[in-house]
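Q: sequence unknown, structure follows:
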């Protein structure tokens, strides 16, 4: 596998279910990100992990719970979601940018989530 | 309030002609601006970037222009090809916040 992979690619779940999204990067990066993309809206940054520590949590509801066990893996645990949480969830990785510098983010293909 | 705006949700261009995609931003502290391209069922892929201290960056058929006084950037694709048909996202990077802020995207369709 190369680049950034995400599983599953599609997920349908009920509001009472618990599920997890998985992301794996094979690029040797040390920062990983979760984004949410709803239809016709900008990508919204949800969580940032750098060196396996969470450095950003953009006011995301607690029904979304991230986990970063090592620099190559990132999970998003989901429970008691709402229909409005249906969206494309994208994972990305990069070298952690030093203050003021920029490092390109590489995206996975996303998980299309539908909450019934 | 969106800090990065792409006001055109879609654009259609004839093959061989120039495509111009526009983006406006509100935060004058952004350090870099980027364009990402997204095909269906794939994640966004980085296309081209420009530092806030430059006004133009060119890479093959793709050129990005930055007008800091107007807080506006644009992506020019010339000549446009059918394979360029995709959603193009404008994004801005803040070095202090160490994060990207994205626009809502423009669907480009290049007609053969």
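A: Received it, and whenever you're ready, just let me know what you need. Source: prediction; values computed, not measured.
Q: which residues are in contact with the closest residue to residue B:23 other than its chain neighbours?
A: Closest residue to residue B:23 apart from its sequence neighbours, by CB to CB, 6 or more residues apart in numbering or on different chains: residue B:90 at 3.4 Å. Backbone N, C-alpha and C define where each C-beta goes, glycine included. With contact taken as CB atoms under 8 Å, 6 or more residues apart in numbering or on different chains, residue B:90 is in contact with B:4, B:6, B:21, B:23, B:33, B:34, B:35, B:73, B:75, B:102, B:103.
Q: how about a cut-off of 10 Å?
A: A:42, B:4-6, B:21-25, B:33-36, B:64, B:73-75, B:101-106 (CB atoms under 10 Å, 6 or more residues apart in numbering or on different chains).
Q: now chain B against chain A: closest residue?
A: At 3.2 Å from chain A, residue B:43 is the closest residue in chain B, using CB to the nearest CB.
Q: just the pLDDT at the residue nearest to residue A:18 when sequence neighbours are not counted, thanks.
A: Leaving out its chain neighbours, the residue that sits closest to residue A:18 by CB to CB, 6+ apart is residue A:79, at 4.4 Å. In this model, residue A:79 is scored at 93, pLDDT.
Q: same check, this time on residue B:97
A: pLDDT, read off for residue B:97, is 76.
Q: correct me, but it touches residue A:102?
A: No - applying CB atoms under 10 Å, one finds residue B:97 not in contact with residue A:102, separated by 11.8 Å.
Q: who has more neighbours, the two?
A: Taking other CB atoms under 10 Å in any protein chain shown, residue B:97 and residue A:102 do not tie; residue A:102 has more neighbours (20 against 16).
Q: okay, and that one sits in which element?
A: Here residue A:102 is covered by no helix or strand, with elements defined by DSSP states H and E.
Q: quick one: residues contacting it.
A: A:94-95, B:31-34, B:49, B:51, B:93-95, B:98, B:100.
Q: buried subset of those as a PyMOL selection?
A: Provided next is the PyMOL selection string for whichever of those are buried by 16 or more other CB atoms under 10 Å in any protein chain shown:
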select buried, (chain A and resi 94+95) or (chain B and resi 31+32+33+34+49+93+94+95+98+100)
